[in-house]
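Student: predicted model and sequence below, questions to follow.
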Amino acid sequence: MASSTLKPGVPVTLQELEPSSEMFKQGASLRVTGILHSYDVDSAVAVIQDGSARLKVDTQHLRDISFRSSSTYQFIGELLIQPNSDATLQARVGRNVDGLDLNLYQQSLIIRRQHEAKLLCSRRA
């Protein structure tokens, strides 16, 4: 029997998810955060945004989550990229994170990446 491994969602900002980004890969396991712009009940597709960046999120596999426009949500899932570079996150986890300061969160991601890079360099030495 084949074993499938569930990868952790790498935290990224919506601005980083553009076709030229190293994070923009088919099947990449990501954690994204943004404000709910719209939600289509029939297709279970949410659109979140952060500044001018937007991302579609397929929420069909999520349970016990209610969506409120202008609330802040965080999703973990896999990135599905269409041939025209249109991306959708297939969410496996979702939660409301109202009260999260998005600017402070983005600053923490920068510090985290700096720390991880420093750790990687020290392990190589």
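Tutor: That came through, no problem.

Student: Ala91 versus the residue nearest to Ala53 when sequence neighbours are not counted, what's the distance?
Tutor: Using C-beta to C-beta, 6 or more residues apart in numbering and skipping the chain neighbours, the partner closest in space to Ala53 is Leu14 (3.7 Å). The C-beta positions use only the backbone N, C-alpha and C, and glycine is treated the same way. Taking C-beta to C-beta, to the nearest Å as the measure, Leu14 falls 14 Å from Ala91.

Student: neighbour count winner among those two?
Tutor: Comparing Leu14 with Ala91 by neighbour count (other C-beta atoms under 10 Å), the higher total belongs to Ala91, at 24 against 19.

Student: now for the biggest strand by length in the chain, which elements pack on it?
Tutor: In the chain, with assignment by DSSP state E, the single longest strand is strand 29-40. Judged by 3 or more C-beta pairs under 8 Å, 6 or more residues apart in numbering; DSSP states H and E, strand 29-40 is in contact with strand 10-11, strand 45-50, strand 53-58, strand 72-81, helix 102-124.

Student: count of residues packed around Arg63?
Tutor: Around Arg63 there are 6 residues (other C-beta under 10 Å).

Student: check the one 5 residues further on too.
Tutor: Taking other C-beta under 10 Å as the criterion, the count of residues near Arg68 is 11.

Student: which one, of the helices and strands packed on strand 29-40, ends up nearest to Gly27?
Tutor: Between Gly27 and the helices and strands packed on strand 29-40, the tightest spacing by C-beta to C-beta is seen for strand 72-81, at 5.4 Å.

Student: and the closest one, C-alpha only, in CSV?
Tutor: Output in CSV follows, covering the C-alpha atoms of strand 72-81 (Å, rounded to 0.1, in the frame of the first residue of the first chain):
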residue,chain,number,x,y,z
THR,A,72,-9.9,37.5,8.1
TYR,A,73,-9.2,33.8,7.3
GLN,A,74,-6.2,31.6,7.1
PHE,A,75,-6.1,28.4,4.9
ILE,A,76,-3.7,25.6,4.5
GLY,A,77,-3.8,23.6,1.3
GLU,A,78,-2.3,22.7,-2.0
LEU,A,79,-1.9,25.2,-4.9
LEU,A,80,-3.6,24.2,-8.2
ILE,A,81,-2.4,26.1,-11.2
